[in-house]
Structure formats: C-alpha cells, structure tokens
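Peer 1: for reference, the sequence and a predicted model appear below.
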Amino acid sequence: MQISEVSLQGFRNLMEMQIKPSPGINVFYGKNAQGKTNFLESLYLCAMGRSMRTKYDWQMIGFQEEESHIRLLINKNNRKERIDVHLKRDTKKGIARNGVPIKKLGDLFGTLYTVVFSPEDLSLIKDGPAERRRFLDMELCQLSRVYYYDLQQYYRILKQRNNLLREIQKNSSLQDTLFVWDAQLIDYGERVMAARTDFLKRLDKIATEKLNALTGGLDALKIIYKPNCEPGHMEERLKRNLQRDIYLGSTNFGPHKDDILFTIHGKDVKSFGSQGQQRTTALAARLAEIDLIREETGEDPILLLDDVLSELDERRQKYLMESIDGLQAFLTCTGIEDAIKKYISKDNLFYVENGKIVAEDGMEKKRNA
Ligand SMILES: Nc1ncnc2c1ncn2[C@@H]1O[C@H](COP(=O)(O)OP(=O)(O)OP(=O)(O)O)[C@@H](O)[C@H]1O
C-alpha cells in the first residue's frame, strides 16, 4: 500500500499544494512551526477520519478559509484508490472513498492503514488509562470494522444505561427496565473485551521481541491487559454493583474503564521506568503495530514519523530506520541528521517553509537555473 499523490487546499497553514511522494522514506524537513506535522495530520485524517491532535475538525481548516480539501491517491496491489476529505466550518465533514461518500466512519477503515510515531507517544506510558484505551481502540478500529461497531454500540448503550440510572434515583420503579440495557451492554462489552484480550496478547509477543532488539537484550518487556472487570464476568459485576451504580448515577464496571500495563522486568514502566525506557517501550509498541497490521491484513501500513529521531540514541535510531526500510514512510525533522542520510535519496526530500512544501529536486533545479 502506497500513497502516490497528496493534494491539499486550505488545510491548516498548507494552502494549496500537490505532491507525489516516493514509495520509500519521504523526509519533510524545515524549521519549527512551518507545517510539517500539519502535513502528517492530513494523511492521518484520510486514514482515520479524524485528527490525531484535535477532536474539533474546524481547527484543521486554514485560519482564513471556509473549507479545506484533502485528496489522496493510493496504490493498493496494483489497484488505485482515492480518498477525499472535505472539511467545512458550519457542517459535518464529508469523506468519500473512490468518489462514493461514506455514511459511517467504519466504512473508511481499511482503506489506508497508518502507524504514527510521535514524541507524544510517551503519553501512552505516562498518562492515564484513557490514553491507553485510545491507543487500543484506534488500532483495533483500523483492523476490524466489527470492533468499531461493537465499541460504538457499547458506548451508546452505556450512555442510555447511565441516563436510566439517574432516572431511577428519582423513580425506583424504573429499575424493572434496566435489564433491557444490561443484556445489550454485557453482550457488546464482552465482545470488546475479547477483542482487546486477543489484540494485546499478540501485541505483547511482538513488542517484547522489538524491545529486546532495541535494547540489545537488556530490557524484558511485558504488555498486560488490565480489564476493569474480568472477561466473562460482566453480568455478575453489574448485578453486584447495581445499588452503587444507581447511587452514583453511572456504570462503574466495564471496558470503558480498562487499562494496559507495560512492565520491564516485572516493574511498571510508568512508575519505575526511566524516560528512555518509557520512550523505548512506546517505540516497541508502535513497531509491533506494523507487524500486526501486516499479519492481520496482508498490507504494509504507511508510517507517519513526527520528529521522533531526535529523541532516540544512535542504536535506537538505527534500529528504527532499519525496521521501516521497504515501507512507505513520511518523516519530519528540523534538519537532515546523519541517521537518516543513508536511508534516503534526494528525490525523497521535501523542504517545508511557511506552509509551502517544495520537493528537493525542484529546489535543486531552481538553484541551478
Ligand atoms: N487552522 C490553521 N490555519 C492556519 N495555520 C495553522 C492552523 N493551525 C495551526 N496553524 C499553524 O501551523 C503552524 C504549525 O505547524 P506544524 O505543527 O505543522 O509545525 P511543524 O513544522 O511540525 O513544527 P515543529 O517542528 O515545531 O513541530 C503554526 O504556525 C500554526 O500557527
């Protein structure tokens, strides 16, 4: 799977541009705040139907613009696919796949697989459980539309159940109707937990190997699913906690409170790992995602690497660059460091300045003219 053309109009500070990336590692370099991450964000938006930085679509529209358009052409096993995203200030965004508008976001998943590496990956380890659930859900949604559907249904029913719990506080006879929501919540909740269990088992196996290679066998990683209630026991948990749920007006057990534990030599990386170990753990998890996507879909994902090299030591930089060799990657940096020089050709260099992206060979021509 490869992106063969990107066209942008009015996307953040990227006003009007069209580029044809190469199949290998494409490097976007330039000073701070020029539009490099904005470019990666536009690709992510086409893959996932949302930004990786904001939940508000309007924030991605250029300050002076009313609308923003992104078009990607993708080569997929000698087939061509097209994704169009249209952001509007006053209405919902429109997304089309091969010219056909999609009705549900789930219909977009699977068109373009991406793995994002960014300095914010550290928050996967350091922040609260919500960040780790987000990681889990984004990855699983990419891989399985069924999961996306189950998760959506789960949250829809959870909301209804919580509303009803608050109603029951005022009118206890309504408790008789709770079983309708509970049966569905348990059904979808158990499915979500089963998918998470399976995904994390597989991720753990691959990430452990990656971390082992990244640290030369020094650190032994384990990724452990921490379900908030044991899979298979949701019904019993809900029953046992009913009075508390009614009192609080919210559901206190279920996969909406799940977490993931990352350990090195049995110790929680969040509490005991060094900053370097936390970063390497996140990197191993991202690298494992690449293999998992390949295993699951038979497709190579597109990699978005946002200024990650500067955070890594030489050994890790080398391992990362070697791991992504042969994949299409979009890598941002402020300068062409030695670590990347040998992996790229001049044809894959793009200079970013003040919202303009210029292919390096084009610049060369301009300079020599
Ligand atoms: N909606 C928008 N419209 C126009 N410009 C925007 C919009 N949102 C952000 N910007 C501008 O985009 C610039 C930041 O771009 P970006 O985040 O891509 O930086 P970058 O090149 O990756 O820099 P760094 O190396 O610091 O990460 C800022 O100047 C910001 O003002």
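Peer 2: That came through, no problem. Numbers count the residues shown, from 1 in each chain.

Peer 1: against residue 6, how distant is the residue in the stretch 101-250 of the chain positioned nearest to the ligand?
Peer 2: Nearest to the ligand, among the residues of the stretch 101-250 of the chain, is residue 119, at 8.7 Å (Cβ to the nearest ligand atom). The way it works is simple: take the backbone N, C-alpha and C, and place the C-beta from them, glycine included. Using Cβ to Cβ, to the nearest Å, we find residue 119 at a distance of 23 Å from residue 6.

Peer 1: repeat that for residue 103.
Peer 2: For residue 103 relative to residue 6 (Cβ to Cβ), the value is 25 Å.

Peer 1: comparing the two, which residue is more hemmed in?
Peer 2: residue 6 (22 against 8; other Cβ atoms under 10 Å).

Peer 1: the host helix or strand of that one - contacts with which helices or strands?
Peer 2: Secondary structure from DSSP states H and E places residue 6 in strand 2-11. When contacts are defined as 3 or more Cβ pairs under 8 Å, 6 or more residues apart in numbering; DSSP states H and E, strand 2-11 sits against strand 14-19, helix 36-48, strand 67-76.

Peer 1: which of those sits most buried?
Peer 2: Mean neighbour counts were taken over the helices and strands packed on strand 2-11 using mean count of other Cβ atoms under 10 Å, and the top value, a mean of 23, falls to helix 36-48.

Peer 1: how far out from the middle of the chain is that helix?
Peer 2: How far helix 36-48 lies from its chain's middle: 11 Å, per Cα atoms, centre = their mean, to the nearest Å.

Peer 1: pLDDT on that helix, on average?
Peer 2: The average pLDDT for helix 36-48 rounds to 97.

Peer 1: circling back to that earlier point, how about the helices and strands packed on strand 2-11, which one is nearest the ligand?
Peer 2: Comparing the helices and strands packed on strand 2-11 by their distance to the ligand (Cβ to the nearest ligand atom), the top pick is helix 36-48, with 3.3 Å.

Peer 1: re the thing from before, show me what counts as buried in the strand holding residue 6.
Peer 2: Of the residues in strand 2-11, 2, 3, 6, 7, 8, 9, 10, 11 count as buried by neighbour count, 16 or more other Cβ atoms under 10 Å.

Peer 1: right, and the fourth one touches residue 70 too?
Peer 2: This points to residue 7. Yes: with contacts counted by Cβ atoms under 8 Å, residue 7 reaches residue 70, the gap being 7.2 Å.

Peer 1: quick one: name the residues of the stretch 1-150 of the chain near the ligand.
Peer 2: 12-13, 30, 32-38, 59, 61-63 (Cβ under 6 Å from any ligand atom).

Peer 1: rebuild the helices and strands packed on strand 2-11 as JSON lines, extending it with distance to residue 355.
Peer 2: What follows is the helices and strands packed on strand 2-11, written out as JSON lines (distance: least, Cβ to Cβ, whole Å):
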{"stretch": "strand 14-19", "distance to residue 355": "5"}
{"stretch": "helix 36-48", "distance to residue 355": "8"}
{"stretch": "strand 67-76", "distance to residue 355": "13"}
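
Peer 1: what's residue 313 in contact with, if anything?
Peer 2: residue 276 (Cβ atoms under 8 Å, 6 or more residues apart in numbering).

Peer 1: where does the spatially closest residue to residue 307 that is not a sequence neighbour fall, secondary structure wise?
Peer 2: In this structure, residue 307 finds its nearest non-sequential neighbour in residue 332, 5.3 Å apart by Cβ to Cβ, 6 or more residues apart in numbering. Using DSSP H and E, the element containing residue 332 is strand 329-333.

Peer 1: so what strands line up beside that strand?
Peer 2: strand 25-29 (parallel), strand 302-306 (parallel) (DSSP bridges).

Peer 1: mind listing the strands in the stretch 201-350 of the chain by residue range?
Peer 2: For the stretch 201-350 of the chain, the strands defined by DSSP state E, counting those that start in this stretch occupy 221-226, 259-264, 267-268, 302-306, 329-333, 349-353.

Peer 1: parallel or antiparallel, which strands does the shortest one pair with?
Peer 2: Spelled out, it's strand 267-268. Strand pairing for strand 267-268, using DSSP bridges, gives strand 259-264 (antiparallel).

Peer 1: identify each buried residue in the partner strand, please.
Peer 2: By neighbour count on 16+ other Cβ under 10 Å, the buried set for strand 259-264 is 259, 260, 262, 263, 264.

Peer 1: and of these, the nearest to the ligand?
Peer 2: Distance to the ligand across the buried residues of strand 259-264 (Cβ to the nearest ligand atom) is lowest for residue 262, with 25.9 Å.

Peer 1: show me the contacts for the closest one.
Peer 2: Under the criterion of Cβ under 8 Å, 6+ apart, the neighbours of residue 262 are 125, 221, 222, 223, 224, 268, 269, 270, 273, 281, 285.

Peer 1: now with 10 Å, please.
Peer 2: Contact analysis of residue 262 by Cβ atoms under 10 Å, 6 or more residues apart in numbering lists 124-125, 132, 204, 207, 211, 221-224, 268-270, 273, 277-278, 281-282, 284-285.

Peer 1: can you tell me how far the closest residue to it other than its chain neighbours is from residue 315?
Peer 2: Excluding its sequence neighbours, the residue lying closest to residue 262 (Cβ to Cβ, 6+ apart) is residue 269, at 4.4 Å. For residue 269, the distance to residue 315 (Cβ to Cβ) stands at 19 Å.

Peer 1: these two: who's more crowded?
Peer 2: Each of residue 269 and residue 315 has its neighbours counted (other Cβ under 10 Å); residue 269 has more, 23 against 12.

Peer 1: wait, the more buried one sits on residue 220?
Peer 2: No: assessed by Cβ atoms under 10 Å, residue 269 is found out of contact with residue 220, at 11.4 Å.
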